[in-house]
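Enquirer: sequence plus the predicted model coming up.
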Amino acid sequence: MGWLLRSMNSSIGKKFVMAITGSFLIIFLIVHLIGNLTLYFGPEAFNGYVETLDIIKPLIRVIELVLLLSFVYHIIYGTWLWIENKKARPVSYKINASSENSTFSSRWMFWIGSIIFIFLVIHLSTFFYRFNFYDPEGLADQNKYYNIVVGFLQMPWYSILYIIAMIILGLHLHHGFQSAFQTFGWNHKKYTPLIKAIGRIYAIGMAGAFASIPIYFLFFYGGSQ
C-alpha cells in the first residue's frame, strides 16, 4: 500500500486521481441530465423517474458513496495541486504571459471549482435533503417530487444562481475534459484537435441543457403542478 500512496501523492499521481475522478463525474453528469430532462414531460414522468430510483435504492446508495468519494478526492487533490503550483511560482512577474499560454478556465480552475462546490452544497441541501430527510410540506411523502423541484426553479434567486453555476460548470468541464485525456497520455497531433472539439461540444451542451431547465420554469412554464 505504501507504493500506492507514494504514487498517488506524486505530482503525476495527483493529476491521475483528478483525471479518474473527473471522468467519473463527467459520466455522472450525463446520467443526471437525462433524469432532469424528464421535468419537461410533466409530473408523472419526473415523479416516476424518482420513484424508480427509490426502488433500486441500495444500488443508488452505493453510487452516491462512490460519487461522494469522487467529489472529495477531486476537491482535495485539485486544491493540493493548486497550492503546489502557487508555491512553485511565489513571485509575480511584472510581465505575465500566462494568458498567452493557458485558457481562462485553466488559470481560474481553483476558483471556478470552489464556486461549483458552493453551488453543489446549496443544490444538495435544496433537493437531496428535501427528498430524503426533511420536507416540511410533506410533498416527498406524497411522491410529489415534481412540485418540490418546480417550486424552487420558479424562485428567481435560485434559478439565476443555477444558471450562473451552469455557465461556470461549462468552463470547468471544458478544461477538465481535455486535461483528463492529456493526463491519460492520449495526446496526438492527429487526435488532440478532435478531443478538444468534443470537449468543447460536451461542455457547452451540458451547461446549456442544464441551464435550459431553470430558464424554462422561471420564464416560460405555465402548467399546473
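Expert: Arrived safely, thanks for sending. Remember, it's a predicted structure, so these values are computed and weren't measured experimentally. Numbers count the residues shown, from 1 in each chain.
Enquirer: quick one: mean pLDDT over stretch 166-179.
Expert: The average pLDDT within stretch 166-179 is 87.
Enquirer: hang on, I meant stretch 50-69
Expert: Stretch 50-69 comes out at a mean pLDDT of 88.
Enquirer: what does it contact?
Expert: Phe24, Leu25, Phe28, Gly35, Phe131, Asn143, Tyr145 (CB atoms under 8 Å, 6 or more residues apart in numbering). C-betas here are computed from N, CA, C, even on glycine.
Enquirer: Phe117: which of the residues you listed is nearest?
Expert: Using CB to CB, Leu25 is the member of the contacts of stretch 50-69 that sits closest to Phe117, with 12.1 Å.
Enquirer: related to what we said a few turns ago, any chance of the contacts of stretch 50-69 in a markdown table, plus distance to Leu65 and neighbour count?
Expert: Output for the contacts of stretch 50-69, formatted as a markdown table (distance: CB to CB, whole Å; neighbours: other CB atoms under 10 Å):
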| residue | distance to Leu65 | neighbour count |
| --- | --- | --- |
| Phe24 | 12 | 17 |
| Leu25 | 14 | 17 |
| Phe28 | 13 | 15 |
| Gly35 | 18 | 13 |
| Phe131 | 17 | 17 |
| Asn143 | 25 | 14 |
| Tyr145 | 22 | 24 |
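Enquirer: and which of those residues is nearest to Ile215?
Expert: Scanning the contacts of stretch 50-69 for proximity to Ile215, where the rule is CB to CB, the winner is Gly35, at 18.2 Å.
Enquirer: in JSON lines: the contacts of stretch 50-69, plus pLDDT, secondary structure and distance to Val66.
Expert: Shown next, in JSON lines, are the contacts of stretch 50-69 (pLDDT from 0 to 100; DSSP: H, G, I helix; E, B strand; the rest coil; distance: CB to CB, whole Å):
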{"residue": "Phe24", "pLDDT": "88", "secondary structure": "helix", "distance to Val66": "7"}
{"residue": "Leu25", "pLDDT": "88", "secondary structure": "helix", "distance to Val66": "10"}
{"residue": "Phe28", "pLDDT": "91", "secondary structure": "helix", "distance to Val66": "9"}
{"residue": "Gly35", "pLDDT": "94", "secondary structure": "helix", "distance to Val66": "17"}
{"residue": "Phe131", "pLDDT": "83", "secondary structure": "helix", "distance to Val66": "19"}
{"residue": "Asn143", "pLDDT": "78", "secondary structure": "coil", "distance to Val66": "26"}
{"residue": "Tyr145", "pLDDT": "91", "secondary structure": "helix", "distance to Val66": "23"}
